[in-house]
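Colleague: give me a 3D structure for the following:
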Amino acid sequence: MINWLKVKLQYVMPKHALSRLVGGLAAAEAGALTTGLIKVFIKQFGIDMSEAIKSDPEDYRSFNEFFTRELKPGVRTIIEGDENLAYPVDGTVSQLGDIEHDRVFQAKGHDYSLTTLLGGKPELAAPFKGGKFATIYLSPKDYHRIHMPMDGKLTDMLHVPGELFSVNPLTTENVPGLFARNERVVSIFDTPKGKMALVLVGATIVASIETKWAGNITPPAGKNVQHWTYPEGCENSVALTKGDEMGLFKLGSTIVACFEPGMIEFADQQPGDITRLGDLFATLKD
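Modeller: Below you'll find the predicted structure:
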């Protein structure tokens with residue numbers, strides 16, 4: 001009954017207003033109050049601050065600065081070899097497997113449209129039908145910067161307005177089409193072996209989604225899908241290598257990675273497995 005109520009309340013609560021309010025508080029530079037909040041958060045979620053460049057909570061002017069903290073060089077090792085893809089984030093595998101035509105598996109009894117996930121653009125979804133997907137959940141304790149699994153050249157970026165349901169396991173199991181309903185930023189890359197999409201999914205109290213090349217994408221949310229293209233040779237072209245940072249969340253969420261058919265094989269992982277940035281994510285098929 002309690003879990004049922006937690007899910008149902010999300011349908012009626014003012015999720016966008018709440019998220020913007022929390023976002024404003026997280027951006028505030030409130031001195032001792034900010035430091036105290038960070039210390040409580042570190043203790044509550046067991047965060048290993050020895051990994052961060054700035055390990056002292058007093059070094060952070062705002063909660064957002066702490067939440068998007070950078071790691072010390074060498075704390076995460078990016079797997080070598082052109083044939084090996086690296087995990088793009090620290091997190092937990094929610095689901096992974098085959099994209100069945102236009103359907104992506106979410107949880108038992110739930111799937112959603114690949115085309116809807118990618119902004120309702122059939123031409124962008126077409127290359128990924130019959131391919132592979134992986135959904136990785138970032139909990140509050142995780143490092144919240146997203147890095148490239150492999151080399152890629154950006155071809156498209158979209159901001160897709162939507163809901164801001166929580167993306168925790170309880171909600172994932174109970175809200176139909178969750179990741180294709182929530183606000184998200186879609187980045188599509190050409191890689192040496194085919195196309196790759198990285199979808200950064202927003203959630204309740206996620207104050208902002210940013211990309212490395214465009215900065216803050218949301219907020220403001222807007223009501224219409226925005227689509228930017230990056231043609232070969234354009235002055236704002238973006239080429240990233242495996243391990244490069246490509247974006248970040250201010251407060252936690254989920255990413256969905258999609259790959260063309262016949263492009264990759266995932267490593268030996270299962271839903272519920274912990275992911276560590278840079279470890280073996282998948283291998284390219286011959």
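Colleague: so I255, which of the three states?
Modeller: Under DSSP: H, G, I helix; E, B strand; the rest coil, I255 falls in the strand class.
Colleague: could you report the pLDDT at it?
Modeller: pLDDT recorded at I255 is 96.
Colleague: list the beta-bridge partners for it.
Modeller: With DSSP bridges as the criterion, I255 is bridged to I136, L200.
Colleague: spatially central residue in this structure, please.
Modeller: Centroid check for the chain by Cα atoms, centre = their mean gives I255 as the closest residue, at 3.0 Å.
Colleague: what is the neighbour count of the residue nearest to R69 when sequence neighbours are not counted?
Modeller: Residue nearest to R69 in three dimensions, not counting chain neighbours: A52, with 4.6 Å by Cβ to Cβ, 6 or more residues apart in numbering. (Glycine included, C-beta is placed from N, CA and C.) Using other Cβ atoms under 10 Å, A52 is surrounded by 19 other residues.
Colleague: can you map out the helices along this protein?
Modeller: For the chain, helices defined by DSSP state H occupy the ranges 2-12, 15-27, 32-45, 63-67, 114-117, 122-125, 169-172, 178-181.
Colleague: pLDDT score for the closest residue to D244 other than its chain neighbours?
Modeller: Nearest residue to D244 in three dimensions, chain neighbours excluded: M148, at 4.9 Å (Cβ to Cβ, 6+ apart). Note for M148: predicted pLDDT of 98.
Colleague: for E58, see how far away the residue lying farthest from the centre of the chain is.
Modeller: Going by Cα atoms, centre = their mean, the residue of the chain most distant from its centre is A32, 30.6 Å out. From A32 across to E58, the span is 9 Å (Cβ to Cβ, to the nearest Å).
Colleague: cool, V75 as well?
Modeller: According to Cβ to Cβ, V75 stands 21 Å off from E58.
Colleague: more neighbours, the two?
Modeller: Counted by other Cβ under 10 Å, V75 and E58 do not tie: V75 has more neighbours, with 15 against 12.
Colleague: which residues does that one contact?
Modeller: By Cβ atoms under 8 Å, 6 or more residues apart in numbering, the contact set of V75 is E51.
Colleague: look up phi and psi at it.
Modeller: phi -70, psi -40 (degrees, to the nearest 10).
Colleague: quick one on the thing from earlier: tell me the confidence at the residue nearest to R69?
Modeller: With respect to pLDDT, A52 has a value of 97.
Colleague: pretty sure it sits against F67.
Modeller: No: applying Cβ atoms under 8 Å as the test, A52 and F67 come out as separate, 11.0 Å apart.
Colleague: so who does I38 touch?
Modeller: Contacts of I38 by Cβ under 8 Å, 6+ apart are P57, Y60, F63, F66.
Colleague: ok, so of those, who is nearest T172?
Modeller: F63 (25.2 Å; Cβ to Cβ).
Colleague: measure that closest one to S94 for me?
Modeller: From F63 to S94 the distance is 25 Å (Cβ to Cβ).
Colleague: and if you look at D151?
Modeller: Applying Cβ to Cβ, the value for D151 to S94 is 25 Å.
Colleague: which one of those two is surrounded by more residues?
Modeller: With neighbours defined as other Cβ under 10 Å, D151 and S94 compare such that S94 has more, 23 against 18.
Colleague: what's the pLDDT at I205?
Modeller: Reported pLDDT for I205: 64.
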